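Peer 1: Starting from these lines, generate the structure:
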Amino acid sequence: MALAAVYTIVVLSVGLLAGWSGIWSVGHPAFFAIGAYFAAYGSAHGWALEAVVAGAVTAGAALGAFLGYAGARFSVLYIALLTLAFTTVTLELVNRWSSVTGGDQGVPVLQLRSALGLGVFPGGGTEPQYLAVGAAAVVLALAVPARASALRMRLVAAKSHPMAARTVGIAPEAQSSLSFAVSGACTSFAGVLLGLITGFVSPDPFSLSFGISLIAACVLGGVGSVLGAVAGGIYLTWSPSLSTAVGVPQPVVQGLVLIAILLFLPGGVVPFLAGPARRVLRGVLRRPAAGHRPSPEPPEPSEPPEPLPALGPPAEGPALLHLEHVSVSYGGLKALEDASMSVRQDEILAVIGPNGAGKTTLLNVLSGLTGNGRVSGTADLAGRALLRTRATARRRLGIGRTFQHAEVFSELTVAENVLCTRRRIRAGDRDAVARLLRSVGLAEVADRRPTELPFGLQKRLDLARAMAERPRLLILDEPFGGLDAGERALLAQHIRRLNADGTAVVVIDHVLDDLFSVAHRVLAFDFGRTIGDGTPDTVLQDPKVRSSYLGTVGSRARLPDTVGERSLIRLRGTGHSYGGVVALRDIDLDVREGSVLGVAGANGAGKSTLAGILHGSLRPAHGVRESSGAVRTSLAPEGRGLFRTLSLRENLEVAAYAAGITGAALRERLEETVQWLPVRLRDRMSVPAAGLSGGEQQMLAVARALIVRPDVLIVDEPALGLAPALVDEVYDRLIGLTHDGLTVVLLEQSLSRAMAVCHEVAVLHEGVVAAQGRPGDRQFAALAESAYFSGGPVPATTASAAARTSQVK
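Peer 2: Presented below is the predicted three-dimensional model:
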């Protein structure tokens, strides 16, 4: 029992480190050995029990803190290798430092006397056994309430999403260091107990195979489970007896047990048994209960409130946030260039711009998440320098941040997602969090995990976490994306209410009508530069701003004059969702033979989802996709999706192999496809794709799609990230394909580009075809611009502005 108690402490240390911090360590045999040799050395030199424990715990904590901090920058594999190296070095020192450790022969543990009057603990006697059982009980008793502590929440948050954790003041490196320090200290303490129980210490029990056995015991009991640690400790204690009973070597038994657990009970024995036990207990408790209420379901989306009245200009006041000449570069790429802006305390500032304009980079500058980017310029918040302040410290300055995709901590409950923003949970903190969750409509699901909630409620949780501790500046990254009309209207009310309570807000989004409904002022970006500044009702009338969204057109090849009437692909009532987020709704679309169909829309409109459905690689959630006969489609995805380490020729061959093309047919297709590429690429077919420019990579991506000789070529965002001259070259080559009878679908953010190079254009807005027609129709051109920005009919003022913009172009 004493040995099982000691092993329980060690398994608990390893299991909670893995479960709460995501760190798998094979270095704990070294901590175990450190404690045991401390006991041996202290007993030989007359140290008190408390001095030995303090020395072992301090040494274990210091070494654990170092390993945790050093390993925080590595992946799980490299952390395991780091701890493996630590164990190897420690065991080598044990073997060579024979004057202290006795080397291979080992060293006895004589006795330790307690300085606090607890008695004398002779090595190998019964007193240490009682001490070990009592110590294990104390450690387990401390571990149970620790599950509800801020420490556990912050550890799990840092493990679940390090970047989001930084925005709430949690430093992942510090959390890894702290958790490893506690784990190392507990294991070293267990080593002291082991030395006292056995009365003798040698290197044999601390081998690398014991480290693997520890991990097996953690998995067997259940990683991160307190009761699982007890089960793992018992397993480690009696596994030698089990192997002797069955006549099989112990490593073989442990290996077979671990394989069986991984295959059949990957969560561990205790969590597997706990699930049915909880269900039975819940059923027993429910039967006699009168008026029992079932666990709350997520609230249904509310009906859209009445439209919000337009905001007037904010009262003049001092600037809370001030940026001057801020630039961010990643190598040779400038993501933000010479940006200057200011935000007053009572102001909601909207930041707009097309995909790649630098908006998210701007928000990352404010929240300190620029990574390896080189940042220059000046920025201050209420007089405090911002650019040299760590991301984790900016929360204390009063900056809250949400993310485009609601980056919540999936292993914490809704309430814990907000509570983890506090270093210590005091008496009133839970009540304060309950009030906050009630204010955003999450009180009924406070005990749920975020993964159990629809996307709209996850967005509210992301906002609630950012609102905790009442920030002075709230940064919102595409908060309206993926929400239905009712949820967007509720969110707009929340943003206005926060601003009325004294919080300044900087918000970016592509849903312009909702964005403008909450903004006092709008700042427009393109190519990392500020190109416009004004009120919501005037900023889109600026020709530079409209051009950044709608695009400009240079030279282009001539489209074929005739288009077939036969529809190769038909979509009827087609829609698709991702985990409750509606990407497309009721799409009716025909791809006619020999035509160039353009699908234009802002970022987030649903273009890439539509591309996948047209290609056939994505099955729509509802509606139908029909094709005329055996139509072969091919997709050049957004971002190109090249195999960057493979050569140009190998990229083409991979696509051909995937289509079943080999031998002579492959050689023929390669020769044919290579001829489509420009000469400068034909001469570099052995060069890795990573060495090409952006435009050259785009042409290779199209060539890779062409090698299967498709009937319909679908190209998603072919102009993304390219210089204007390269855009023209890519489009000229695409249009040249249509003269050979190829049908092309272009999904494009630039409306002007789509109108210039396509026979027919459909404008997507929030997953709906808001306008469709032929570019030669002047009425359609005005309707398309209005649909692009707001999805609705064009107002007179906007129409006149659009006409003036067209004249300027």
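Peer 1: Wait, A415 touches V433, no?
Peer 2: Yes: because the distance of 5.8 Å satisfies C-beta atoms under 8 Å, A415 is recorded as touching V433. C-beta: built from backbone N, CA, C; applies to glycine.
Peer 1: my guess is G400 is in a strand, correct?
Peer 2: Yes: membership of G400 in a strand is supported by DSSP: H, G, I helix; E, B strand; the rest coil.
Peer 1: Now do it: how many residues are near it, please.
Peer 2: Other residues within reach of G400 by the criterion other C-beta atoms under 10 Å amount to 26.
Peer 1: do the one 4 residues further on as well
Peer 2: By the other C-beta under 10 Å criterion, the neighbourhood of Q404 contains 18 residues.
Peer 1: what are the ranges of the strands in the stretch 51-200 of the chain?
Peer 2: Ranges of strands within the stretch 51-200 of the chain are 107-108, 111-113, 120-122, 200-201, based on DSSP state E, counting those that start in this stretch.
Peer 1: do the same with the stretch 251-400 of the chain
Peer 2: 319-330, 333-344, 348-352, 374-381, 384-385, 399-401.
Peer 1: Sheet-wise, list the partners of the last one with their directions.
Peer 2: Right, strand 399-401. Taking DSSP bridges as the criterion, strand 399-401 pairs within the sheet with strand 473-477 (parallel).
Peer 1: quick one: the helix or strand following the partner strand to strand 348-352, angle?
Peer 2: Counting by DSSP states H and E, the next helix or strand C-terminal to strand 473-477 is helix 485-500. Computed by axes from the mean of the first three to the mean of the last three C-alpha atoms, to 10 degrees, the angle separating helix 485-500 from strand 348-352 equals 130 degrees.
Peer 1: Helix 485-500 packs against which elements?
Peer 2: Applying 3 or more C-beta pairs under 8 Å, 6 or more residues apart in numbering; DSSP states H and E, one finds that helix 485-500 makes contact with strand 348-352, helix 455-467, strand 504-508, helix 512-517.
Peer 1: Nearest to L387, out of these?
Peer 2: Of all these, strand 504-508 sits nearest to L387, with 16.1 Å by C-beta to C-beta.
Peer 1: can you confirm F403 is in a strand?
Peer 2: No: assessed with three-state DSSP, F403 is coil; it does not lie in a strand.
Peer 1: That one reaches L461, doesn't it?
Peer 2: No: contact between F403 and L461 fails when scored by C-beta under 8 Å: they sit 11.2 Å apart.
Peer 1: Those two: which is more packed in?
Peer 2: Neighbours per residue, other C-beta under 10 Å: of F403 and L461, the larger number sits with L461, 26 against 23.
Peer 1: Quick check, pLDDT for that one.
Peer 2: The confidence metric pLDDT takes the value 93 at L461.
Peer 1: right, and it touches A443 too?
Peer 2: No: with contact taken as C-beta under 8 Å, L461 and A443 are classed as non-touching, separated by 11.9 Å.
Peer 1: average pLDDT across stretch 671-684?
Peer 2: The average of the pLDDT scores along stretch 671-684 is 86.
Peer 1: do the same with stretch 739-753
Peer 2: When pLDDT is averaged over stretch 739-753, the result is 88.
Peer 1: distance between the ends of it?
Peer 2: End-to-end distance of stretch 739-753: 19 Å, with C-alpha to C-alpha, to the nearest Å as the criterion.
Peer 1: what about L77, distance to T88?
Peer 2: If you measure L77 against T88 using C-beta to C-beta, to the nearest Å, the figure is 16 Å.
Peer 1: Give the residue from these two that has the larger number of neighbours.
Peer 2: Regarding L77 and T88, a neighbour count based on other C-beta under 10 Å identifies T88 as having more, with 14 against 9.
Peer 1: how much space between the more buried one and L256?
Peer 2: For T88, the distance to L256 - C-beta to C-beta - is 26 Å.
Peer 1: repeat for S693
Peer 2: S693 sits at a distance of 55 Å from L256 (criterion: C-beta to C-beta).
Peer 1: cool, A165 as well?
Peer 2: Distance from A165 to L256, counting by C-beta to C-beta: 39 Å.
Peer 1: of the two, who's got more company?
Peer 2: When A165 and L256 are compared for neighbours, A165 comes out ahead with 25 against 12, by other C-beta under 10 Å.
Peer 1: domain ranges for this protein?
Peer 2: Using automatic domain parsing, the domain parsing of the chain gives 2-207, 319-550, 551-631+711-809, 643-706.
Peer 1: mind putting those domains in JSON lines, distance to V219 included?
Peer 2: What follows is these, written out as JSON lines (distance: least, C-beta to C-beta, whole Å):
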{"stretch": "domain 2-207", "distance to V219": "9"}
{"stretch": "domain 319-550", "distance to V219": "17"}
{"stretch": "domain 551-631+711-809", "distance to V219": "29"}
{"stretch": "domain 643-706", "distance to V219": "35"}
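Peer 1: Can you check which helix is longest in the protein?
Peer 2: Of all the segments of type helix in the chain, defined by DSSP state H, the longest one is helix 172-198.
Peer 1: By mean pLDDT, show me the worst of the domains of the chain.
Peer 2: domain 551-631+711-809 (a mean of 81).
Peer 1: can you give me how far that domain is from the chain middle?
Peer 2: Taking the mean of its C-alpha atoms, domain 551-631+711-809 sits 30 Å from the chain's own mean (C-alpha atoms, centre = their mean, to the nearest Å).
Peer 1: Also stretch 160-170?
Peer 2: Taking C-alpha atoms, centre = their mean, one finds the center of stretch 160-170 at 11 Å from the center of the full chain.
Peer 1: List the buried residues for that stretch?
Peer 2: By 16 or more other C-beta atoms under 10 Å, the buried positions in stretch 160-170 come out as 160-162, 164-170.
Peer 1: Please apply the same query to stretch 473-491.
Peer 2: Within stretch 473-491, the residues that count as buried by 16+ other C-beta under 10 Å are 473-484, 487-491.
Peer 1: Could you export the helices and strands packed on helix 485-500 as a markdown table, including distance to V715?
Peer 2: A markdown table is the format used below for the helices and strands packed on helix 485-500 (distance: least, C-beta to C-beta, whole Å):
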| stretch | distance to V715 |
| --- | --- |
| strand 348-352 | 26 |
| helix 455-467 | 29 |
| strand 504-508 | 27 |
| helix 512-517 | 26 |
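Peer 1: For C218, which of those is the nearest?
Peer 2: Shortest distance between C218 and those, using C-beta to C-beta, is found for helix 455-467: 30.4 Å.
Peer 1: and the closest one, what other elements does it pack with?
Peer 2: Other elements packing on helix 455-467 under the criterion 3+ C-beta pairs under 8 Å, 6+ apart are strand 399-401, helix 414-419, helix 429-439, strand 473-477, helix 485-500.
Peer 1: cutoff 7 Å now
Peer 2: The criterion is 3 or more C-beta pairs under 7 Å, 6 or more residues apart in numbering; DSSP states H and E, and the helices and strands that helix 455-467 contacts are strand 399-401, helix 414-419, helix 429-439, helix 485-500.
Peer 1: Dump those to CSV, plus distance to A33.
Peer 2: Listed next are these as CSV, based on distance: least, C-beta to C-beta, whole Å:
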stretch, distance to A33
strand 399-401, 44
helix 414-419, 36
helix 429-439, 41
helix 485-500, 55
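Peer 1: among those, which is nearest V139?
Peer 2: For V139, the closest of the helices and strands packed on helix 455-467 is helix 414-419, at 23.3 Å, according to C-beta to C-beta.
Peer 1: Would you mark the buried spots in that closest one?
Peer 2: Taking 16+ other C-beta under 10 Å as the criterion, helix 414-419 shows 414-419 as buried.
Peer 1: Show the residue spans covered by the strands in the stretch 651-800 of the chain.
Peer 2: Counting by DSSP E, counting those that start in this stretch, the strands of the stretch 651-800 of the chain are 712-716, 743-748, 760-765, 768-773.
Peer 1: V223 is nearest to which of the ones you listed?
Peer 2: Shortest distance between V223 and these, using C-beta to C-beta, is found for strand 712-716: 40.4 Å.
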